[in-house]
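Asks: This is a predicted model, with the sequence first.
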Amino acid sequence: KPFIIIGAGILGASTAYHLAKNGAKVLLIDREDKGQATDAAAGIVCPWISQRRNKAWYQLAKNGASYYSSLIPELEKDGEKDTGYKRVGAISLHTDSGKLDKMEERAYKRREDAPEIGEITRLSEVESKKLFPYLDEKFASVHISGAARVNGRALRNALVKGAEKHGAEVLQGNARLEIEAGKVVGVTVGSDSFLGEKVIVTAGAWAKELIRPLGIEFLVDAQKAQIVHLQVDEHETAELPVVMPPNDQYIVAFDEGKIVIGATHENDKGFDKRVTVGGLHEVLDKALGVAPGLEESTVSETRVGFRPFTPGFLPVIGSLPNNDEVLVANGLGASGLTVGPYLGFQLAKLALDQPLNIDLKLYPVSGAIL
Ligand code: FAD
């Protein structure tokens, strides 16, 4: 019987890849919901200068960022060269030199056990603008050479294709849990039933409804994010660093003049997939306040995604209480591209009863159950 994985965002795709690579039988099912967080995310991997104090979160984010350096070569060995990942560095901006001092201090402190941060360099206003020409000249910055950008869609596709190369089966459809005498024995997709060795739920913001038939109220919610893709005339954008302004949004450049700005953090909007005037206004306003040089760029696309978040914004991983045949991981929130590949690696180990590299007690599933 296969391990059945429900949800092929970054987390499910990574779990499938690692399980299949270990020689396990895998069935990966995805409904391709519009608003899949991974599909909308174009993002940054730079957890080290975050001011978030939660140690359990930081541990996961730090390990997640560092895990890319082994995962990407592994995928490339499997022939998956288009991973959407590139270590381009990041500049974290501020106009207040005291704030930049603190940021620099934090980076040096964190580098003691995270050498993957790379070089830390203080840049003047002129030097910052030289690295990212669209910037307002009022910002100085701290440059972090180990930071990276990643295209969620590309990485997910690479992981799914990699999993298939190692024998995983992939199915498009709406999966429901098949329950017998209170235990999950498999899943149903349309009129087809599949028995599973274990069922692994990586269904992101939609996991609540999937788990509910077990009588469990799983506390995951959707945080809506609107993110705007721009096209600039210059085509040499591939090496531009990620820009982290002093607000809650960011600017990420990709190849051939594509620059992505965003994203909003909208709570209590449910699964509203619309691009709204307010959302666009906020994203454009914040981006132009930092990088007025983008004013003449073309708006090419706006994506909407739903970040899955659990209580305390802390990811959870483990089996469901009273249903240890069901494994769950969720709550990747705003740092799921950073954490997702690594957490999927850990989830695969958990499914295979192998020793983990994280302390499960720090991320209890019970913390996300009413
Ligand atoms: P998802 O990617 O949402 O995948 C869940 C999947 O499960 C979906 O495909 C859905 O269709 C499927 N599913 C659900 N129910 C069923 C069912 N019953 N049957 C079959 N399939 C089902 N993170 C960073 O680290 N850095 C960033 O810069 C960053 N930027 C972001 C920007 C945006 C705009 C967004 C939206 C997110 C960003 N994130 C970032 C966060 C990151 O993208 C998410 O945390 C992560 O992608 C969540 O992955 P997931 O696999 O848990 O869920």
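Replies: Received, thanks. Numbering: from 1, shown residues only.
Asks: hang on, N54 packs against S335?
Replies: No. Using CB atoms under 8 Å as the test, N54 is too far from S335 to be in contact (11.2 Å). The way it works is simple: take the backbone N, C-alpha and C, and place the C-beta from them, glycine included.
Asks: Compare these two (neighbour count), which wins?
Replies: A direct count of neighbours by other CB atoms under 10 Å for N54 and S335 places S335 higher, at 24 against 14.
Asks: and whichever residue of the stretch 251-370 of the chain sits closest to the ligand, how far is that from V187?
Replies: Closest residue of the stretch 251-370 of the chain to the ligand, CB to the nearest ligand atom: G336 (1.9 Å). Distance of G336 to V187, computed by CB to CB, to the nearest Å: 23 Å.
Asks: can you map out the strands along the stretch 251-370 of the chain?
Replies: 258-262, 298-309, 316-320, 323-330 (DSSP state E, counting those that start in this stretch).
Asks: orientation of the third one relative to strand 323-330 in degrees?
Replies: Pointing back at strand 316-320 there. 160 degrees (axes from the mean of the first three to the mean of the last three CA atoms, to 10 degrees).
Asks: Identify each buried residue in strand 316-320, please.
Replies: Going by neighbour count (16 or more other CB atoms under 10 Å), the buried part of strand 316-320 is V316, I317, G318, S319, L320.
Asks: Are it and the ligand in contact anywhere?
Replies: No. Strand 316-320 stays out of contact with the ligand when judged by CB under 6 Å from any ligand atom, the minimum separation being 11.0 Å.
Asks: Pull up the pairing partners for that strand, direction included.
Replies: strand 323-330 (antiparallel) (DSSP bridges).
Asks: What parts of the stretch 101-250 of the chain come near the ligand?
Replies: Residues of the stretch 101-250 of the chain lying near the ligand (CB under 6 Å from any ligand atom): G152, N174, A175, T202, A203, G204, A205, W206, L210, A225, I227.
Asks: Count the neighbours of the second one for me.
Replies: Using other CB under 10 Å as the criterion, N174 is surrounded by 16 other residues.
Asks: That one - nearest residue in space that isn't next to it in sequence?
Replies: R31 (5.0 Å; CB to CB, 6 or more residues apart in numbering).
Asks: How about the stretch 51-200 of the chain: which residue is closest to the ligand?
Replies: Proximity of the stretch 51-200 of the chain to the ligand (CB to the nearest ligand atom) peaks at A175, 3.7 Å away.
Asks: Run a quick check on Y85 versus G152, I expect a contact.
Replies: No. Taking contacts as CB under 8 Å, Y85 lies outside contact range of G152: 10.3 Å.
Asks: more crowded one of those two?
Replies: Neighbour tally, Y85 and G152, criterion other CB under 10 Å: the higher count belongs to G152, 24 against 21.
Asks: which ones are touching the nearest residue to the more buried one once chain neighbours are set aside?
Replies: What sits nearest to G152 in space, not counting adjacent residues and going by CB to CB, 6+ apart, is A41, at 3.6 Å. Residues near A41 by CB atoms under 8 Å, 6 or more residues apart in numbering: I10, G152, A225, I227, G305, G336, L337.
Asks: F271 too?
Replies: F271 sits next to G35, A205, A222, F306 when contact means CB under 8 Å, 6+ apart.
Asks: can you tell me which of those are in strands?
Replies: If you go by DSSP state E, these have A222, F306 in strands.
Asks: Tell me the most packed of the contacts of F271, by neighbour count.
Replies: So for those (other CB under 10 Å), the most neighbours sit at A205, 27 neighbours.
Asks: I'd guessed that residue sits against G305; true?
Replies: No. The pair A205 / G305 is not scored as a contact, 9.1 Å apart, by CB under 8 Å.
Asks: Identify the contacts common to these two.
Replies: Taking CB under 8 Å, 6+ apart as the criterion, A205 and G305 both touch G35, A37.
Asks: quick one on the thing from earlier: let me have the residues of the stretch 101-250 of the chain next to the ligand in a markdown table, extended by secondary structure and pLDDT.
Replies: Converted to a markdown table, these look like this (DSSP: H, G, I helix; E, B strand; the rest coil; pLDDT from 0 to 100):
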| residue | secondary structure | pLDDT |
| --- | --- | --- |
| G152 | helix | 96 |
| N174 | coil | 98 |
| A175 | strand | 98 |
| T202 | coil | 98 |
| A203 | coil | 98 |
| G204 | helix | 98 |
| A205 | helix | 98 |
| W206 | helix | 98 |
| L210 | helix | 97 |
| A225 | strand | 98 |
| I227 | strand | 98 |
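Asks: which of these sit farthest apart?
Replies: Distances among those were taken as CB to CB; the most separated pair is A175 and I227, at 27.3 Å.
Asks: So which of the buried residues of strand 316-320 is the closest to I216?
Replies: L320 (6.4 Å).
Asks: secondary structure class for G23?
Replies: Using DSSP: H, G, I helix; E, B strand; the rest coil, the secondary structure recorded for G23 is coil.
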